[in-house]
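1. Sequence first, then the predicted structure, then my questions.
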2 protein chains.
Amino acid sequence: MGTKSKLTASEAGYLKLIYRVQEEESGKVGTTAAARAFGVRPATVAEVLRNLARKNLVRRRPYRGVELTPQGVAEARKLLRKHRILEVLFVGLLGLSPESACEEASKLDYYVSEELINAICRSSNHPKTCPCEKVIFEDPACCGAGGKKK
Amino acid sequence: MGTKSKLTASEAGYLKLIYRVQEEESGKVGTTAAARAFGVRPATVAEVLRNLARKNLVRRRPYRGVELTPQGVAEARKLLRKHRILEVLFVGLLGLSPESACEEASKLDYYVSEELINAICRSSNHPKTCPCEKVIFEDPACCGAGGKKK
DNA sequence: AAAAATTTTAGGTGTTCCCTAACTTTCTTC
DNA sequence: GAAGAAAGTTAGGGAACACCTAAAATTTTT
């Protein structure tokens, strides 16, 4: 029990945000800030957070904030891997600007299968970073690990 | 009034199916057959069809079947354009088999923006058909029309 | 310590998507 | 052409999602 239920689309959004701000920038995401970022009310954010906690992806200390559990970190990395590999494709092959690439990737990352992402990863030569230099996490199923491509 | 409300994901699925079978193959999609194709009950199909009719995308003659309205045709073509351009990308650039390309495209076509599709279209040199030879409809916003690329 | 800002709960709404049960219409087949 | 089988339809529900407002609790600021 615990890791069974799948993420919903909006939960995925919060997970990505929390990971980016808290794990990558050592910042802190407040409920209100997150609400503004997603264009919803704080109460809505609180609710999603509660659901993420029920799924064991974040730990919540009421009024103090949330932090990702190890499973939450793993899940966020899967999503950000997808997001960033899509960005590589959109900028590198399709010639989008990094900004539109990010926007488009945000709309899709949640829906894209790992198989497709790995196909893109392979055909892009297993990039280590996205167009804005953020790290692309490795997927053992892809090959990345042990690879030498720079 | 009529063309305002957006399609839902499942409505998009039926629209694609109806177009493919009825407009491209001159066949007929029965409620039960559609239900089997989507893994749901016939009653569910009937309901979606009713909603498509409310949105003026199909015309329904109870117990006789549905046919697409001009708006329904336009909408289906937009979706199938996306679907098939994604297939081109997946097969041509990523090396997927036509079958997996189709599967992956089905999961994504509804969510992909027209801008992104047109970027892919451009970078693929405005293909006229998908990997399985089905026509890719043109989008005036892309360039296709009047273009000479074969 | 009061005022301001933030966060959380409680309780609701609308949409989507799916279901079962019961009924109607159409198609078969004798 | 009537009876039974098959296909399609409505009516009525239910669960999950993604929102919201209003009110209460808890920081934080001044």
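-> All right, it came through fine. Keep in mind the model is a prediction, meaning the values are calculated, not measured.
2. doesn't residue B:103 make contact with residue A:116?
-> No. Applying CB atoms under 8 Å, one finds residue A:116 not in contact with residue B:103, separated by 9.4 Å. Quick note: C-beta positions are derived from backbone N, CA and C, even for glycine.
3. Strands of chain A, start to end?
-> Secondary structure of chain A (DSSP state E): strands at A:58-61, A:65-68.
4. elements contacting the last one?
-> Helices and strands touching strand A:65-68, as assessed by 3 or more CB pairs under 8 Å, 6 or more residues apart in numbering or on different chains; DSSP states H and E, comprise helix A:9-18, helix A:42-54, strand A:58-61.
5. How about residues contacting the longest one?
-> This points to helix A:42-54. A:8, A:10-11, A:14-15, A:31-32, A:34-35, A:38, A:58-60, A:66, A:72 (CB atoms under 8 Å, 6 or more residues apart in numbering or on different chains).
6. same thing but 10 Å
-> A:2, A:5, A:7-8, A:10-15, A:17-18, A:29-38, A:40-41, A:57-60, A:62, A:65-66, A:68-69, A:72, A:75 (CB atoms under 10 Å, 6 or more residues apart in numbering or on different chains).
7. Enumerate the residues of chain A near DNA strand C.
-> A:30-33, A:42-43, A:45-47, A:49-50, A:60, A:62-66 (CB under 7 Å from any atom of the strand).
8. is DNA strand D contacted by the longest helix along chain A?
-> Of all the elements of type helix in chain A, the one with the most residues (DSSP state H) is helix A:70-88. No. Judged by CB under 7 Å from any atom of the strand, helix A:70-88 makes no contact with DNA strand D; its nearest approach is 13.8 Å.
9. mind checking how far that helix is from the chain centre?
-> The chain centroid and the centroid of helix A:70-88 are separated by 4 Å, computed with CA atoms, centre = their mean, to the nearest Å.
10. Looking only at neighbour counts, state which of residue A:116 and residue B:103 leads.
-> residue A:116 (24 against 17; other CB atoms under 10 Å in any protein chain shown).
11. domain assignment for chain A?
-> A:9-73, A:79-123 (automatic domain parsing).
12. can you redo those domains as a markdown table with mean pLDDT?
-> Below are the domains of chain A laid out as a markdown table (pLDDT from 0 to 100):
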| stretch | mean pLDDT |
| --- | --- |
| domain A:9-73 | 96 |
| domain A:79-123 | 97 |
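13. most packed of these?
-> domain A:79-123 (a mean of 20; mean count of other CB atoms under 10 Å in any protein chain shown).
14. Flag every residue of chain A that's near chain B.
-> Proximity of chain A to chain B is confined to A:9, A:86, A:89-90, A:93-96, A:100-101, A:103-105, A:107-108, A:110-113, A:115-116, A:118-124 under the rule CB under 10 Å from any CB of the partner chain.
15. Inside helices: which ones of those residues?
-> If you go by DSSP H, the residues of chain A next to chain B have A:9, A:86, A:100-101, A:103-105, A:107-108, A:115-116, A:118-123 in helices.
16. Point out the residues in chain A that sit beside DNA strand D.
-> Close to DNA strand D, as judged by CB under 7 Å from any atom of the strand, chain A has residues A:5-6, A:8-11, A:38-41, A:43-44, A:47-48, A:51, A:62-64.
17. re earlier: tabulate the helices and strands packed on strand A:65-68 (a markdown table), appending distance to residue B:25.
-> Formatted as a markdown table, these follow (distance: least, CB to CB, whole Å):
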| stretch | distance to residue B:25 |
| --- | --- |
| helix A:9-18 | 33 |
| helix A:42-54 | 44 |
| strand A:58-61 | 49 |
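18. So for residue A:81, which of those sits nearest?
-> Closest to residue A:81 of those, according to CB to CB: helix A:9-18, at 10.8 Å.
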